[in-house]
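Trainee: Just the structure for this:
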Amino acid sequence: MKKENRMTQTSKNWSHLYIMHKDRRVATIYRTGKCTIYYSSFMPYNLYLEAEDDLDTRLNNLNNFYYWCSSRLLTLDRKYAKEILNSIGAMQAITDKDRADIAISYHCLSLTDVYWIKLFREDLDFDRISLYRHSLSNAFADVSLRGVLTVQNADLIDDRDVAGDIGTQGVAPKAWIRGEDGFYLYKDGDPRDVEAELLASRIVDCFDISHVSYTRDTFSGVTVSKCRIVTSEDVGIVPFEHVSIYCENHNRDPLDFVLRRDPYDYYMMNIIDYLIGNTDRHWGNWGFSVDNATNKLKQLYPLMDFNKSFLSYNTTDGAKCLARGTGFSQKDAALEAVKKVGLNRISERQMFFTRLNLLEEAAGDTPTILSLSSDLSVTSSFGATLVTEHEYDNSETGFTVTYDTSEGIL
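Mentor: Modelled structure (predicted):
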């Protein structure tokens with residue numbers, strides 16, 4: 001009850017707020033919708049405000065501000081969203097304004113960037129509030145990963161514990177755990193998703209693309225996938241969803257914007273997603289790294305989130321390519337991409353196939369040397385197109401993957 005009262009007073013009874021980037025005051029937003037922008041180049045990419053004072057502009061400013069705040073809060077389709085919101089005494093908000101009130105109550109903090117909200121006359125600086133600097137307890141992980149709020153953990157949870165997890169997007173249950181060498185993201189879900197992410201991560205290791213590596217761990221006796229955080233006080237991430245909003249407000253084509261900055265990683269992403277059958281590369285699941293010193297975009301951030309791999313894997317077309325746009329299947333996007341940048345396998349991984357062929361020959365089997373051409377067709381060392389299938393069956397999880405090399409699925 002104490003948390004609920006404090007949240008209500010803090011997030012709803014404000015006259016104006018400061019949008020902060022570390023200790024830089026970027027803008028002031030008033031309850032009336034009026035705003036003052038001090039550093040336009042440091043504005044969040046998905047927040048568009050105008051300094052005009054007419055009614056329509058002020059209403060639009062408020063709507064955009066509430067949307068920006070709400071985008072820093074978990075979505076209601078996230079597993080255990082109800083339990084997470086209940087644990088902090090917050091209602092299950094429906095509107096952007098309701099969700100913004102919750103986000104403002106913990107200063108809109110996130111582990112994706114260095115933006116935060118400061119109240120008028122609030123004596124607070126970034127050093128004292130940064131999620132990266134202060135040792136967070138792992139008390140909230142039980143709620144985020146398992147949907148369990150104990151009496152003991154309820155007493156340990158404070159705003160900064162909540163901020164890291166409640167501001168992390170996605171549907172699968174997940175939690176930030178601080179280890180001795182920094183933050184790790186633990187992801188649960190069903191066993192199929194965890195095993196898919198671990199297997200896909202190993203496949204991606206074989207290609208020359210910056211990516212997150214997932215390892216196996218346990219939380220409360222349950223298997224989870226685990227990866228290191230990719231952000232810091234120096235480097236943040238800007239999802240493509242945010243970039244598209246920026247482009248819309250500045251009359252730029254989003255895809256052209258990406259290809260002018262990092263065509264290689266974009267095309268490699270489409271190749272990888274086709275090979276592993278990843279059906280979840282929505283606009284919030286990829287984007288740019290950003291230099292927090294300048295707020296300038298860099299290259300695409302490391303490829304991540306493989307728990308929905310090996311789905312739509314019963315045909316060679318795959319699913320719709322969410323990153324490419326209307327009319328492109330994953331196969332279409334991969335064929336386009338491989339013609340642009342090649343396949344870019346890491347040469348050291350080829351030793352696996354060399355040794356496998358040696359053992360097959362020793363066992364009396366016909367050796368099969370695979371090569372992948374620019375059109376993704378697979379041929380043997382004898383020049384014949386291969387028609388072979390390999391099925392990966394994990395009886396414990398019910399997780400089955402079929403690789404059809406006749407159509408270029410490795």
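Trainee: Can you give the domain ranges for the protein?
Mentor: Annotated domains of the chain cover 2-133, 235-312+321-341, 347-407 [automatic domain parsing].
Trainee: To Pro191, which of these lies closest?
Mentor: domain 347-407 (4.0 Å; CB to CB). Yep, even glycine has a C-beta here, placed from its N, CA and C like the rest.
Trainee: low-confidence ranges in the stretch 1-150 of the chain?
Mentor: Applying pLDDT under 70 to the stretch 1-150 of the chain flags residues 1-12, 74-94, 134-150.
Trainee: if we can go back for a sec, mind putting the domains of the chain in a markdown table, distance to Gly179 and mean neighbour count included?
Mentor: Shown next, in a markdown table, are those (distance: least, CB to CB, whole Å; neighbours: other CB atoms under 10 Å):
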| stretch | distance to Gly179 | mean neighbour count |
| --- | --- | --- |
| domain 2-133 | 14 | 18 |
| domain 235-312+321-341 | 18 | 19 |
| domain 347-407 | 26 | 12 |
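Trainee: Pull the contacting residues for the nearest residue to Trp283 once chain neighbours are set aside.
Mentor: Of all residues not flanking Trp283 in the chain, Glu241 sits nearest, at 3.9 Å (CB to CB, 6 or more residues apart in numbering). Glu241 is in contact with Asn46, His282, Trp283, Gly284, Gly287, counting by CB atoms under 8 Å, 6 or more residues apart in numbering.
Trainee: hang on, the earlier thing: closest to Cys206 out of the domains of the chain?
Mentor: Here domain 347-407 is closest among the domains of the chain (CB to CB), at 4.3 Å.
Trainee: pLDDT averaged over the closest one, what's the number?
Mentor: For domain 347-407, the mean per-residue pLDDT is 51.
Trainee: just so I know, which of the domains of the chain lies nearest Thr223?
Mentor: domain 347-407 (9.4 Å).
Trainee: ok, Ile29 touching Ser15?
Mentor: No - Ile29 lies out of contact with Ser15 (CB atoms under 8 Å); the separation is 10.4 Å.
Trainee: which residue ranges form the strands in the stretch 51-200 of the chain?
Mentor: Using DSSP state E, counting those that start in this stretch, the strands of the stretch 51-200 of the chain run over 115-119, 174-179, 182-187.
Trainee: Contacts only, for Arg324.
Mentor: Asn270, Asp332, Ala333, Glu336.
Trainee: can you tell me which residues contact Pro263?
Mentor: Per CB under 8 Å, 6+ apart, neighbours of Pro263: Lys340, Val341.
Trainee: Let me see the backbone angles for it.
Mentor: Main-chain torsions, Pro263, degrees, to the nearest 10: phi -60, psi -40.
Trainee: ok, it to Leu255 distance?
Mentor: Applying CB to CB, to the nearest Å, the value for Pro263 to Leu255 is 10 Å.
Trainee: Confirm Asn290 sits in a helix?
Mentor: If you look again at residue 290, you'll see it is Val, not Asn. No - with DSSP: H, G, I helix; E, B strand; the rest coil as the criterion, Val290 is strand rather than part of a helix.
Trainee: returning to that earlier point: could I get the phi/psi values of the residue nearest to Trp283?
Mentor: Note on Glu241: its backbone torsions stand at phi -60, psi -40 [degrees, to the nearest 10].
Trainee: what's the spacing between it and Trp286?
Mentor: Distance from Glu241 to Trp286, by CB to CB: 9 Å.
Trainee: what's the answer for Ile102, then?
Mentor: Taken as CB to CB, the span from Ile102 to Trp286 is 26 Å.
Trainee: Check Leu119 too.
Mentor: Look at Leu119 and Trp286: by CB to CB, they are 34 Å apart.
Trainee: Next: Arg192.
Mentor: 22 Å.
Trainee: And Ser41, by the same measure?
Mentor: Distance from Ser41 to Trp286, by CB to CB: 24 Å.
Trainee: who's in contact with the residue nearest to Ser210 when sequence neighbours are not counted?
Mentor: Ranked by CB to CB, 6+ apart and with sequence neighbours excluded, the top spatial neighbour of Ser210 is Pro302, at 4.5 Å. Taking CB under 8 Å, 6+ apart, we find Pro302 in contact with Ser210, His211, Val212, Val230.
Trainee: Pipe those residues into a markdown table and attach neighbour count and secondary structure per row.
Mentor: Conversion of these to a markdown table gives the following (neighbours: other CB atoms under 10 Å; DSSP: H, G, I helix; E, B strand; the rest coil):
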| residue | neighbour count | secondary structure |
| --- | --- | --- |
| Ser210 | 16 | coil |
| His211 | 22 | strand |
| Val212 | 19 | coil |
| Val230 | 19 | coil |
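Trainee: Which one of those residues is nearest to Met20?
Mentor: Looking across the contacts of Pro302 and measuring by CB to CB, the closest to Met20 is Val230, at 22.2 Å.
Trainee: what's the distance between that closest one and Ala27?
Mentor: 27 Å.
Trainee: Phe207 too?
Mentor: Taking CB to CB, one finds Phe207 at 41 Å from Ala27.
Trainee: next one: Thr354
Mentor: 58 Å.
Trainee: Look up how far Cys321 lies from Asp253.
Mentor: From Asp253 across to Cys321, the span is 17 Å (CB to CB).
Trainee: what does Ser110 give?
Mentor: Taken as CB to CB, the span from Ser110 to Cys321 is 28 Å.
Trainee: Pick the most deeply packed of the strands of the stretch 51-200 of the chain.
Mentor: strand 115-119 (a mean of 22; mean count of other CB atoms under 10 Å).
Trainee: Can you list the strands that it pairs with?
Mentor: In the sheet, strand 115-119 lines up against strand 16-21 (antiparallel) (DSSP bridges).
Trainee: what does the strand it pairs with rub up against?
Mentor: 25-31, 39, 42-44, 47, 104, 114-120, 126, 292, 295.
Trainee: Just send the strands of the stretch 51-200 of the chain back as CSV, with distance to Gly327 too.
Mentor: Output for the strands of the stretch 51-200 of the chain, formatted as CSV (distance: least, CB to CB, whole Å):
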stretch, distance to Gly327
strand 115-119, 35
strand 174-179, 33
strand 182-187, 32
